[in-house]
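>>> the sequence isn't on hand, but the structure is:
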């Protein structure tokens, strides 16, 4: 069955039939505080309870990170589920029924196949997990995991298992439980014999790592050989429910930690992620035997903006870092590169040095741009010819940057680092051959001019000016505003450009220093003059915490207003009922 567009009166009836405090308390401990209930925010690293739930208004709000909404938006954000899934959960809790319509025969078949593949993967994961915990045949596997330092908590949390060294362990288990082996074949758990005489288990004598989607459903398995079998690591083949190009290990277990910290790490392997998680470094995801893709980046962008690539220091790790960095810049994300010392991977590093050294080392990692710059000099040398080659490589990256202010700041930074004139870089950029996501030569020139033209002193929204003035006066609060999406709702173009400039400055240097920012903006006189004007006019702030809370509330309201306006414009242009229904659902989450 598929759901019709859910009318607002039905949505409101569902929301009125549940108590938001009771819903949230199922996931977040709350204490009564006056008319509200408070607790530690689940969406950021909160140490002083800033998360508030108002039963009378049926809303929640965090004064630390600005997240807020109703019971539906809480479930979508906290559990990483879709709007309709959150509505279904609340409707079930309230004893309400939602309007449905029959699926087409083709859609019914797809849904049935999808669910059956999930179920057979879940069955296999449970079987292998039980084998690891209880089977005498798994003694060597348990000893291996003990040697690798994995605790029982980690094994339980990630449902790690063991595939026995037999050809039909899973096959027999499936038959015993009445599960069609053809489903397991379609899921890649079984393999058809070449002579067509039957099937056998794909995974044998391997440690099993269930691969879960964002909702926690097992969509595939990964296996690490215990003996000499090759390949050392083996994953399920792609299927209707599993594509390695858009799947990340640890997403279900670690997505909330990533949201709470406001940043995340990307590593390459199961054991790397597990070792970090066990050591307390939990905002981490791992790729599944493939390079980062645009689909992966979309997932990362939906979580947070700041990421650190942590790969081995060998040629393969360095090359993977070089290939991955441009994807982040093209998507408007901030990325650092932390290359581990020789003979170390994240597993060995965290076990030797611990989480405190890990945090300190990764915090000081180079920005993606500076990593490529330093790597280019090491590879090509600092001769004029070597520098020219490095600049060509960096311009390949710069042309992917869509935001004109960030592009201009990057060019300024590269010009200063390489000792060349900015104008020469702009001219070279204009003449470069077109590549994916590259703007036209006309747009490159427009981007350059845009940062050096226009009204120097902000003339627009006074509140926007006061917001930037406060952040510049209190640089330590900047991280709280990085996910407030100022770039989508600020109305004054100069202030918007200044906001992008200071966030870029922060991403490069790891801190905001207004004096250094003034120097960075030498080639953008309009932004520099606006910055000096704001710094000169900024009055002292007497209550920093209260001002921070007020500014965050203002940002959240402006963000929702801009998002609502954008959705309303899309509604007017909607071509189909399905498109309209989806837009209306999105609009509901912003009310």
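Everything's here; your move. Every value quoted in this text rests on a predicted model; they were computed, and no experiment measured them.

>>> give the residue spans of the stretch 401-550 of the chain that score low on pLDDT.
Within the stretch 401-550 of the chain, the stretches with pLDDT under 70 are 434-461, 537-540.

>>> mind listing the helices for it?
404-418, 422-430, 441-450, 462-473, 478-481, 486-489, 493-509, 514-520, 525-537, 544-573 (DSSP state H, counting those that start in this stretch).

>>> switch those over to TSV; also include distance to residue 96 and mean neighbour count.
(C-beta placed from N, C-alpha, C; glycine too.) TSV is the format used below for the helices of the stretch 401-550 of the chain (distance: least, C-beta to C-beta, whole Å; neighbours: other C-beta atoms under 10 Å):
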stretch	distance to residue 96	mean neighbour count
helix 404-418	47	21
helix 422-430	57	16
helix 441-450	51	16
helix 462-473	41	19
helix 478-481	37	18
helix 486-489	35	18
helix 493-509	43	22
helix 514-520	53	15
helix 525-537	51	18
helix 544-573	25	16
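
>>> geometric centre of this structure: which residue is closest?
Here the mean C-alpha position of the chain is nearest to the C-alpha of residue 300 (C-alpha atoms, centre = their mean), at a distance of 2.5 Å.

>>> quick one, grab the pLDDT at that residue.
On pLDDT, residue 300 comes in at 89.

>>> can you tell me who the closest residue to it other than its chain neighbours pairs with across the strands?
Distance criterion C-beta to C-beta, 6 or more residues apart in numbering; nearest residue to residue 300, sequence neighbours excluded, is residue 307 at 5.9 Å. Legend: beta-bridge partners of residue 307 under DSSP bridges are residue 264, residue 335.

>>> now do the contacts for residue 307.
263-266, 300, 328, 333-336 (C-beta atoms under 8 Å, 6 or more residues apart in numbering).

>>> what do you get for residue 394?
369, 372-373, 376, 414.

>>> run the last query once more with 6 Å
residue 414 (C-beta atoms under 6 Å, 6 or more residues apart in numbering).

>>> for it, give its distance to residue 411.
9 Å (C-beta to C-beta, to the nearest Å).

>>> look up how far residue 492 lies from residue 499.
Counting by C-beta to C-beta - residue 499 and residue 492 are separated by 10 Å.

>>> let me know the closest of the contacts of residue 307 to residue 208.
residue 266 (22.8 Å; C-beta to C-beta).

>>> now residue 323: closest residue in space, sequence neighbours ignored.
residue 291 (5.6 Å).

>>> quick check: buried residues in stretch 362-370?
Within stretch 362-370, the residues that count as buried by 16 or more other C-beta atoms under 10 Å are 365-370.

>>> and the two most separated of these?
365 and 369 (12.1 Å).

>>> touching the helix or strand encompassing the residue nearest to the centre of the chain from outside, list them.
Using DSSP states H and E, residue 300 falls within helix 294-301. Identification of contacts with helix 294-301 by C-beta under 6 Å, 6+ apart yields 245-246, 307, 327, 331, 333.

>>> can you show me the strands along the stretch 51-200 of the chain?
51-54, 59-62, 68-69, 100-101, 161-163, 190-192, 199-201 (DSSP state E, counting those that start in this stretch).

>>> return the most buried member of those strands.
strand 161-163 (a mean of 28; mean count of other C-beta atoms under 10 Å).

>>> residues contacting stretch 373-384, please?
Contacts for stretch 373-384 (C-beta under 6 Å, 6+ apart): 386, 389-390, 393, 417.

>>> so which of those belong to strands?
Assignment to strands by DSSP state E places none of these there.

>>> can you redo the residues you listed as JSON lines with distance to residue 35?
As requested, these are arranged in JSON lines below (distance: C-beta to C-beta, whole Å):
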{"residue": "386", "distance to residue 35": "66"}
{"residue": "389", "distance to residue 35": "65"}
{"residue": "390", "distance to residue 35": "60"}
{"residue": "393", "distance to residue 35": "59"}
{"residue": "417", "distance to residue 35": "55"}
